[in-house]
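Novice: This is a predicted model, with the sequence first.
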Amino acid sequence: MWWRLSRPEWNRGQGEGNRKAFRKLVRSGAEPGVLAYADGEPVGWCAIAPREQYPRLDGSPILKPVDAQPVWSVTCFYIARGFRHQGLSTKLLKAAVDFACSRGAKIVEGYPHDTKKATADVFVYTGLASAFRRARFKEVARRSKTRPIMRRSF
């Protein structure tokens with residue numbers, strides 16, 4: 001819910017309130033992303049939706065819009081601990097692209113981290129640039145040394 005809410009809204013709902021808001025979103029019929037399964041159990045998630053559903057992006061000087069084109073945004077990943085570092089992020093990205101395209105997207109955009117030094121998984125929840133490159137995304141802007149904006153167009 002971080003990207004979907006203003007900071008005051010996020011702070012008010014911190015913890016259980018934000019979990020309830022996300023459950024309500026899912027129960028409404030919205031499809032806020034794609035899931036990865038192993039042996040019938042969910043092991044990964046990638047958040048994707050039209051950018052306008054993520055108002056917090058517009059408030060960031062680093063992640064503000066590149067142009068006026070309508071895009072779908074990949075904003076968050078979760079990979080279960082035992083499934084990390086196995087290429088699941090790239091597979092989720094490809095599934096997210098297919099999902100967005102099936103709903104009319106012409107551009108999918110992401111905001112990964114691009115750093116040479118080891119970073120704890122918890123700090124790269126928006127993904128790694130290497131996974132985006134493997135999923136055929138191209139860098140279109142970089143307003144920060146470690147945060148490119150990457151796109152895949154159709």
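Specialist: Now that the structure is in, tell me what you want to look at. Remember, predicted model here, so these are calculated numbers, not experimental data.

Novice: make it CA atoms for all contacts and neighbour counts henceforth
Specialist: Fine.

Novice: Give me the mean pLDDT for the longest helix seen in the chain.
Specialist: Criterion DSSP state H: the longest helix present in the chain is helix 88-102. In this model, helix 88-102 has a mean pLDDT of 96.

Novice: contacting residues for residue 95?
Specialist: Taking Cα atoms under 8 Å, 6 or more residues apart in numbering, we find residue 95 in contact with residue 34.

Novice: Mind pulling up the pLDDT for the residue of the chain positioned farthest from its centre?
Specialist: Distance from the C-alpha centroid of the chain, by Cα atoms, centre = their mean, peaks at residue 39 (24.2 Å). Residue 39 carries a pLDDT score of 95 in this model.

Novice: same deal with residue 59?
Specialist: For residue 59, the model assigns a pLDDT of 87.

Novice: Quick one: the strands in this protein, in order.
Specialist: Remark: strands assigned in the chain by DSSP state E are 33-38, 41-50, 72-79, 107-110, 138-142, 148-153.

Novice: Residue 122: which of the ones you listed is closest?
Specialist: Closest approach to residue 122 among the strands of the chain (Cα to Cα): strand 72-79, 9.1 Å.

Novice: Return the residues in contact with residue 4.
Specialist: Residues counted as contacts of residue 4 (Cα under 8 Å, 6+ apart) are 53-56.
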